[in-house]
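1. missing the sequence, but the structure's below:
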């Protein structure tokens, strides 16, 4: 699971095939907690999918981080999951 972005204590990671699956999403970790955020495709918005122990304030920060870097993260996700 490579870290594709690290900022302000957050580590954004993409799991690799064959374990991982679509739709495109990232796992964001901070201090032993995690959120999973879907990366919008074709003009779609990002979407919060799962929260595992992360405080609400950090969930919001993680979501905004993914939104701000969505295009680059989607490109990386596609690179890892190309068929």
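-> The structure has been received and is ready for your questions. Treat the numbers as computed from the prediction; the structure is a model and nothing was measured.
2. Next, name the residue at the spatial heart of the chain.
-> Residue closest to the average C-alpha location in the chain (Cα atoms, centre = their mean): residue 26, at 2.2 Å.
3. Quick check, residue 63 in contact with residue 35.
-> Yes. Using Cβ atoms under 8 Å, residue 63 makes contact with residue 35 at a distance of 7.4 Å. Every C-beta, even on glycine, is put in place using the N, C-alpha and C of the backbone.
4. Mind checking which of these two has more residues around it?
-> residue 35 (24 against 16; other Cβ atoms under 10 Å).
5. in which helix or strand would I find that one?
-> Per DSSP states H and E, residue 35 falls inside strand 33-38.
6. buried set for that strand?
-> For strand 33-38, a neighbour-count test (16 or more other Cβ atoms under 10 Å) marks 34, 35, 36, 37, 38 as buried.
7. Could you find the closest non-adjacent residue to residue 53?
-> residue 33 (4.1 Å; Cβ to Cβ, 6 or more residues apart in numbering).
8. Name whatever forms a beta bridge with the one you found.
-> Note on residue 33: beta-bridge partners residue 30, judged by DSSP bridges.
9. contacting residues for it?
-> 52, 53, 54, 55, 58 (Cβ atoms under 8 Å, 6 or more residues apart in numbering).
10. Show the buried residues in those.
-> 54, 58.
11. The residue nearest to residue 53 and residue 17, how far apart?
-> 25 Å (Cβ to Cβ, to the nearest Å).
12. go on, residue 37?
-> 19 Å.
13. Leaving out chain neighbours, which residue sits closest to residue 5?
-> Here the residue nearest residue 5, using Cβ to Cβ, 6+ apart, is residue 12, at 4.0 Å.
14. Enumerate the beta-bridge partners assigned to that neighbour.
-> Counting by DSSP bridges, residue 12 is bridged to residue 5, residue 28.
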